[in-house]
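*Asks:* requesting a structural model of the entry that follows:
(one chain, ligands or ions: 1)
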Amino acid sequence: MKIAFIGLGNMGGGMAANLVKAGHDVRAFDLAEAALAAARENGCETFTDPQEAVSGVDAVVSMLPNGAIVKAVYTNDVIGHAPQGALLLDCSTIDVATAREVIAAADSVGYAMVDAPVSGGIAAANGGTLTFMVGGTAEAFARAQPILAAMGKAVIHAGDAGTGQAAKICNNMLLGIHMIGTCEAFALAQKLGLDPQTFYDISSVSSGQNWSMTSYCPVPGVGPVTPADNGYQGGFATALMLKDLKLAMEAAQTSGATTPLGDHARAIYEAFAAENGGLDFSAVITTL
Ligand code: NAD
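*Replies:* Residues are numbered from 1 along each chain as shown. Below is the predicted model:
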């Protein structure tokens with residue numbers, strides 16, 4: 001298949017390389033020359049004009065920083081420039097309203113489009129083990145599935161347009177909340193004279209057990225190897241957690257949902273990100 005890939009940064013670079021490995025002919029566009037150079041090394045054909053990159057393709061995949069950029073790229077360079085039958089897949093994490101707006105604009109001129117944000121970081125993007133949460137019609141999902149499967153271990157249909165983004169931000173709001181809760185429990189346990197390993201051994205088989213504790217423990221030397229064991233380097237940056245919590249709070253406001261803990265998690269991560277945006281989000285334990 002001929003696939004245009006727009007946005008070959010930390011995530012998109014590895015994803016495009018996996019499409020090449022799966023036998024696709026990948027036409028890459030990014031504003032950064034360094035990203036294009038890396039894409040060439042991974043077997044992509046590179047372009048300095050996005051409209052040229054999308055010409056004659058069967059599908060367009062994008063992995064971009066935010067909703068404003070996604071809207072501008074699709075409005076200016078993809079819709080009306082990619083062939084009519086091309087399937088459009090946006091894998092960026094963006095707000096639900098913009099995702100729905102761009103998909104409606106594409107649909108109004110005959111393109112099938114899905115929002116397909118991911119769970120999993122740079123290692124999963126490189127390793128082809130992302131989870132995709134896909135919003136769009138059943139027909140568009142059926143066409144998107146094999147393309148996304150070449151970049152991930154799970155491809156799940158969430159529902160209509162925008163529900164992929166909804167799943168992503170609800171999941172990450174919950175993650176932000178239970179990470180802070182887990183950090184608070186370890187900090188309190190220690191203050192009460194409980195050894196962190198002993199608390200882990202008890203809580204990990206009791207009702208406090210959760211993913212932040214047993215798969216991503218914020219305490220160095222406890223549980224599996226995590227960013228905590230590497231000075232909180234790598235992993236999922238605090239700045240990206242804050243981005244997702246802000247998107248969740250925006251969505252809560254527009255939909256009238258009540259999310260007091262999500263809002264509190266946003267405030268805690270906002271304060272922490274001011275100085276530590278590049279550290280893994282589990283490093284929030286160092287503030288407790
Ligand atoms: P990044 O900043 O590393 O990559 C974004 C790329 O887009 C850059 O190479 C940039 O040059 C390019 N770009 C920006 N504007 C462009 C334009 N107009 N046209 C073409 N290219 C343009 O970001 P990333 O970490 O790869 O994240 C991409 C998306 O994936 C974001 O929406 C992010 O929230 C989401 N995400 C990231 C992670 C992660 O761990 N990094 C995990 C899950 C989801």
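*Asks:* from here on, contacts and neighbour counts on C-alpha atoms
*Replies:* OK.
*Asks:* run a quick neighbour tally on the residue of the stretch 151-288 of the chain found nearest the ligand.
*Replies:* Closest approach of the stretch 151-288 of the chain to the ligand (CA to the nearest ligand atom) occurs at F236, with a separation of 5.2 Å. The burial count assigned to F236 is 18, neighbours taken as other CA atoms under 10 Å.
*Asks:* please report phi then psi for it.
*Replies:* Dihedral angles of F236 (phi, psi; degrees, to the nearest 10) stand at phi -110, psi 110.
*Asks:* what's the neighbour count on the spatially closest residue to it that is not a sequence neighbour?
*Replies:* With sequence-adjacent residues excluded and distances taken as CA to CA, 6 or more residues apart in numbering, F236 is closest to D280, at 5.1 Å. For D280, the number of neighbouring residues by other CA under 10 Å comes to 24.
*Asks:* and the closest residue to the ligand within the stretch 101-250 of the chain, what is it in contact with?
*Replies:* In the stretch 101-250 of the chain, the residue found nearest to the ligand is G121; the distance is 3.6 Å by CA to the nearest ligand atom. By CA atoms under 8 Å, 6 or more residues apart in numbering, the contact set of G121 is M11, L130, G235, F236.
*Asks:* and the third one, that one's in a helix?
*Replies:* No. Assigned with DSSP: H, G, I helix; E, B strand; the rest coil, G235 falls outside any helix and is coil.
*Asks:* so who does it touch?
*Replies:* By CA under 8 Å, 6+ apart, the residues touching G235 are G121, I122, T226, P227, D280, F281.
*Asks:* min pLDDT across these, which one?
*Replies:* Taken together, those show their lowest pLDDT at G121, with 87.
*Asks:* pretty sure the residue of the stretch 151-288 of the chain closest to the ligand sits against G277.
*Replies:* No. Shown here, F236 and G277 do not form a contact pair, counting by CA atoms under 8 Å, at 10.1 Å.
*Asks:* rewinding a little: so which of the contacts of G235 sit within helices?
*Replies:* With helices identified by DSSP state H, the entries of these that belong to them are I122.
*Asks:* could you tell me which residues of the chain lie near the ligand?
*Replies:* Contact residues of the chain with respect to the ligand, defined by CA under 6 Å from any ligand atom, are listed as 6-12, 29-32, 35, 63-66, 69, 73, 92-93, 118-122, 236.
*Asks:* the strands in the chain, which residues?
*Replies:* Along the chain, the segments classed as strands by DSSP state E run 2-6, 25-29, 45-47, 59-62, 87-90, 112-115, 118-119, 130-135, 152-159.
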